[in-house]
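**Student:** whatever this is, show me its structure:
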Amino acid sequence: MKVAAIISEYNPLHNGHKLHIEKTKKELNCDYLISIMSGNFVQRGLPSYIDKWNKSKVSVSNGIDLVIELPVIFSLSSAEFFAKGSAQILNSLGIVDYLSFGSEVGNIQPLKLIASILCNEPHAYKALLKSKLSYGLAFAKARSLALTEYITDNFPMYTIDFITNLLSSSNNILAIEYLKALYSLDSTIEPFTIKRLGSNYNDEGLNASFSSATSIRNHLKTSDDLTLLKNHLPKSSYTLIETLIKDNYTFPQMENIFPFIKYKALTDNNSLKQIPEASEGLYNKIYKSLWDSSTYEESFSKMKSKRYASTRINRLLCQYFIGFENYSIDNLRRSDPSYIRVLAFNDKGAELLKKIKNTSPLQIYTKLPKSLCPMLELDLQSTKAYSILNPSIRYNEDYFKSPIIIK
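**Tutor:** Residues are numbered from 1 along each chain as shown. Presented below is the predicted three-dimensional model:
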């Protein structure tokens with residue numbers, strides 16, 4: 001029995017995702033495929049365009065056997081903790097043989113090399129990093145330069161341009177974090193990468209072959225012509241969006257969050273400070289921009305800078321909207337998940353769940369328990385917050401919904 005896993009967001013599931021699923025099954029010759037999927041808030045710091053239940057249904061329709069929700073404490077985190085939480089759950093299942101992910105480089109060896117250097121921190125690399133930081137560079141920039149110099153000095157098969165380009169591509173960066181997480185766990189899960197085709201992750205225009213989720217969301221936001229997306233989405237994904245539009249479904253945007261976080265910040269200006277990501281400089285910048293602006297777009301343009309990445313700011317805003325300040329966020333991020341929340345499965349997924357019961361120490365939740373741990377409580381809080389943005393979702397939706405079963 002071969003079991004592969006994919007860490008996903010499917011916001012929404014498009015042809016590139018479909019190809020990844022198909023290639024994973026074909027090239028790994030796996031019998032089962034699991035997806036750890038972000039729920040109603042995603043890693044870029046956005047409310048999910050489509051709710052987690054509809055996303056999971058489409059996932060199973062396109063080849064996933066079992067969909068497990070990634071707790072929001074990890075889905076609304078940096079790439080490091082997003083990868084860490086996902087890898088911890090997969091490793092704890094006790095049945096996963098492979099982790100499959102896309103990357104721009106499409107070659108596992110340089111990704112493994114970089115992950116190994118970052119985990120082991122050879123003396124020469126640490127000296128280079130210290131030197132770069134002494135020039136006042138931001139840590140990410142200093143680390144990238146130190147890695148490039150260390151690798152090209154010690155592994156001459158890689159050029160400066162190759163490593164520089166590798167470290168500037170978002171899927172490569174996430175892939176390295178997946179590998180670091182697996183190494184830190186001493187996991188037996190074997191990593192496998194597939195070259196990403198078509199648009200880059202952040203491209204906003206539709207591509208002739210494989211369009212990014214960003215470009216698809218942008219099209220839905222700016223155009224009424226849904227038919228242009230037919231060639232960019234699997235049939236089930238296109239049909240779902242078409243149905244949701246007919247049903248007057250609300251696709252949540254950051255603009256919808258803005259009035260709530262502005263009111264919250266201006267009536268309790270200390271609460272934002274309680275979120276770990278809100279350093280003093282960033283807190284002041286966000287607070288002032290909320291005070292001085294009347295729209296999210298205007299406010300966000302004042303918040304972002306070279307020092308603070310757009311995704312970091314948006315994650316912080318979503319965390320604040322949900323109420324992260326009421327939880328011990330740093331402790332939760334560094335704790336091991338104690339449960340798996342099942343969102344959807346098919347007959348093969350049902351077989352997997354039976355096996356997981358015998359191989360995993362994690363509690364399997366198809367219905368919510370009476371007593372909630374803080375991590376699960378935060379998941380429920382995120383759904384409550386999401387329901388404010390999306391009237392199609394009930395306030396306590398998590399209590400009413402059972403996993404979607406696709407026969």
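**Student:** shouldn't H232 be in contact with N218?
**Tutor:** No: with contact defined as C-beta atoms under 8 Å, H232 does not reach N218; the gap is 11.8 Å. Quick note: C-beta positions are derived from backbone N, CA and C, even for glycine.
**Student:** who's more crowded, these two?
**Tutor:** When H232 and N218 are compared on other C-beta atoms under 10 Å, the one with more neighbours turns out to be H232, at 25 against 16.
**Student:** tell me if the more buried one really is in a helix.
**Tutor:** No: checked against DSSP: H, G, I helix; E, B strand; the rest coil, H232 lies outside a helix; its state is coil.
**Student:** from S211, how far out is it?
**Tutor:** Taking C-beta to C-beta, to the nearest Å as the measure, H232 and S211 are separated by 4 Å.
**Student:** now list whatever residues contact both of the two.
**Tutor:** Common contacts of H232 and S211 (C-beta atoms under 8 Å, 6 or more residues apart in numbering): H14, N15.
**Student:** let me see the contact set for the spatially most central residue of the chain.
**Tutor:** The central residue of the chain, meaning the one whose C-alpha is nearest the mean C-alpha position (C-alpha atoms, centre = their mean), is Q43 at 3.8 Å. If you count contacts by C-beta under 8 Å, 6+ apart, Q43 has them with E9, S75, L76, S77, A79, F82, T311, R315.
**Student:** can you list the weak-confidence ranges in the chain?
**Tutor:** Judged against pLDDT under 70, the low-scoring parts of the chain cover residues 198-205, 207-208.
**Student:** can you show me the strands along it?
**Tutor:** Assigned by DSSP state E, the chain shows strands spanning 3-8, 32-38, 41-42, 46-47, 66-70, 98-103, 190-195, 339-345, 363-365, 404-405.
**Student:** of the ones you listed, which approaches I275 most closely?
**Tutor:** With C-beta to C-beta, the closest approach to I275 among the strands of the chain belongs to strand 41-42: 14.1 Å.
**Student:** packing partners for that closest one?
**Tutor:** Packing contacts for strand 41-42, counted by 3 or more C-beta pairs under 8 Å, 6 or more residues apart in numbering; DSSP states H and E, involve helix 72-75.
**Student:** give me the contact list for the helix it packs on.
**Tutor:** The set of residues that contact helix 72-75 without belonging to it, under C-beta under 8 Å, 6+ apart, is 9, 38-43, 81-82, 84-86, 322, 329, 332-333, 375, 378-379, 382.
**Student:** pull the CA atoms of it into PDB?
**Tutor:** Backbone C-alpha positions of helix 72-75 (Å, rounded to 0.1, in the frame of the first residue of the first chain) are rendered in PDB as follows:
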ATOM      1  CA  VAL A  72      -5.800  27.900  11.300                       C
ATOM      2  CA  ILE A  73      -2.900  28.500  13.700                       C
ATOM      3  CA  PHE A  74      -0.700  27.100  10.900                       C
ATOM      4  CA  SER A  75      -2.600  28.100   7.800                       C
END
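**Student:** which stretches in the stretch 251-400 of the chain count as helices?
**Tutor:** Taking DSSP state H, counting those that start in this stretch as the test, the helices found in the stretch 251-400 of the chain are 254-267, 280-292, 296-303, 310-322, 329-333, 347-359, 374-389, 397-400.
**Student:** deepest of the ones you listed, which one?
**Tutor:** Neighbour counts (mean count of other C-beta atoms under 10 Å) averaged over each of the helices of the stretch 251-400 of the chain peak at helix 310-322, with a mean of 22.
**Student:** centre of the chain to that one, how far?
**Tutor:** Centroid separation for helix 310-322 versus its chain: 13 Å, with C-alpha atoms, centre = their mean, to the nearest Å.
**Student:** pull the CA atoms of that helix into PDB?
**Tutor:** As requested, C-alpha coordinates have been extracted for helix 310-322 and formatted as PDB (Å, rounded to 0.1, in the frame of the first residue of the first chain):
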ATOM      1  CA  SER A 310       2.300  42.200   2.000                       C
ATOM      2  CA  THR A 311       1.500  38.600   3.000                       C
ATOM      3  CA  ARG A 312       2.700  39.300   6.500                       C
ATOM      4  CA  ILE A 313       0.500  42.300   6.900                       C
ATOM      5  CA  ASN A 314      -2.500  40.500   5.500                       C
ATOM      6  CA  ARG A 315      -1.900  37.600   7.800                       C
ATOM      7  CA  LEU A 316      -1.800  39.900  10.800                       C
ATOM      8  CA  LEU A 317      -5.000  41.600   9.700                       C
ATOM      9  CA  CYS A 318      -6.800  38.200   9.400                       C
ATOM     10  CA  GLN A 319      -5.400  37.100  12.700                       C
ATOM     11  CA  TYR A 320      -6.700  40.200  14.300                       C
ATOM     12  CA  PHE A 321     -10.100  39.800  12.700                       C
ATOM     13  CA  ILE A 322     -10.400  36.300  14.000                       C
END
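**Student:** could you check the angle helix 280-292 makes with that helix?
**Tutor:** Per axes from the mean of the first three to the mean of the last three C-alpha atoms, to 10 degrees, the angle that helix 310-322 makes with helix 280-292 is 70 degrees.
**Student:** helix 310-322 vs helix 296-303, what angle?
**Tutor:** Compare the direction of helix 310-322 with that of helix 296-303 by the same axes, to 10 degrees and you get 120 degrees.
**Student:** give me the contact list for helix 310-322.
**Tutor:** Looking at helix 310-322 with C-beta under 8 Å, 6+ apart, the contacting residues turn out to be 41, 43-47, 72, 76-78, 254, 257, 260-261, 264-265, 271-272, 275, 277-278, 282, 286, 300, 303-304, 325, 329, 378, 381-382, 385.
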